[in-house]
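sharing a model that was predicted from the sequence below.
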Amino acid sequence: MIPFGVASLSPYLLSPSYTLFMNIEIVGAACSVGGKHRGCRQGPDFFRSKAFVALQQSSQHHIHWNGIEQEHLLGSSSNTALVRGYSRRLRERVRKIISHQHFPVVIGGDHSCAIGTWSGVAQAQRGAVGMLWIDAHMDSHTPVSSASGNIHGMPVACLLGAGGARLLGRGHHGSVFSPQHTCLVGVRSYESMELQLLREKGVSFYTMEQVNQLGLPRVLSLAYKKVSSCPTGFGVSIDLDALDPIDAPGVSVPEPDGLIVDELLSVLRSLPYSEKLKAIEIAELNPDFDCDGRTAAVASKLIHSLLH
Ligand SMILES: [Mn+2]
């Protein structure tokens, strides 16, 4: 899959021997207040020390470290206020990268970073975007349905325009994700209120059980067709907990029996080219649980496979 930039080239230049260069900007999203584990805040720094150079050396693209968006933990602010402020800064950073014709790759941090990442992409694209959301969870709680109040369990709902007003802040109307072009893959832990919300919005999803029945190549091909048909463009957000914890232990909320890393990498590499891919996000890297750096390496390989 090679995002944007070749539309104006003549067809023969699209032969496999032609290498397209893109300017990729890696943004660290050092957020943690969306979940229970503060270790997530070190995820981007850990990625940079363990996996960034390998990614740079293996890629045919120009890969630049854009910097880390830090959390501003102010004494008495609520988590909602912290996430709202954080999302605003991350949104602006992502929007700017796209406005310079570069390609943002966000490394989180807890998955509440999605609120900033994708609202920035939607602003740059001037409309709701398609979304391939690969995750063990639905992340579709609202502040009303959530028992824990953890905001990293809410970004999908928020970005579909449900219960997100206090997280997105002023100036946002409607949905950041186009519901009919949004698809979740790898889901195996969710609650009935989340399921209900996705059904109401008309968002499709494939549980791990369905992935095992249909096979990952079939599921991702169907999901990819759906999300990439969004006229405004689309994004890919991968929560590392979608993967089997044996392959990717460095996450805050591991769920057994997940996607097999090698299979996911190979299927991602086989997806067809689309110039409509606008950004990538890899979330929930938690170094506290990633003793040998295995999960950071997986994050790097996922990016490489998506941008091959
Ligand atoms: Mn998630």
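Cool, got the structure. Just so it is clear, the structure is predicted and the values come from calculations on it, not from any experiment.

need the per-residue pLDDT for the residue in the stretch 51-200 of the chain positioned nearest to the ion.
In the stretch 51-200 of the chain, no residue comes nearer to the ion than residue 111, which is 3.6 Å away by CB to the ion. C-betas here are computed from N, CA, C, even on glycine. On pLDDT, residue 111 comes in at 98.

contacts only, for it.
Contact partners of residue 111, counting by CB atoms under 8 Å, 6 or more residues apart in numbering, are 34-35, 135, 139, 152, 155, 237, 239, 283-284.

so which of those residues is the most crowded?
Most neighbours among these, by other CB atoms under 10 Å: residue 155, with 34 neighbours.

give me the phi and psi for the residue lying closest to residue 253 once chain neighbours are set aside.
Of all residues not flanking residue 253 in the chain, residue 241 sits nearest, at 5.5 Å (CB to CB, 6 or more residues apart in numbering). Dihedral pair for residue 241: phi -80, psi 0, per degrees, to the nearest 10.

and for residue 235?
Note on residue 235: backbone dihedrals following degrees, to the nearest 10 are phi -130, psi 170.

excluding sequence neighbours, find me the nearest residue to it.
Nearest non-adjacent residue to residue 235 (CB to CB, 6+ apart): residue 279, at 4.7 Å.

can you check residue 265 too?
Of all residues beyond its chain neighbours, the one nearest residue 265 is residue 305 (4.6 Å), with distances taken as CB to CB, 6+ apart.

contacts only, for that neighbour.
By CB under 8 Å, 6+ apart, the contact set of residue 305 is 264-266, 268-269.

need the residues of the chain near the ion, please.
Those residues of the chain that sit near the ion, judged by CB under 5 Å from the ion, are 111, 135, 139, 239.

filter these down to the ones in strands?
In strands, defined here by DSSP state E, the members of the residues of the chain next to the ion are residue 239.

could you look up the SS state of residue 297?
helix (DSSP: H, G, I helix; E, B strand; the rest coil).
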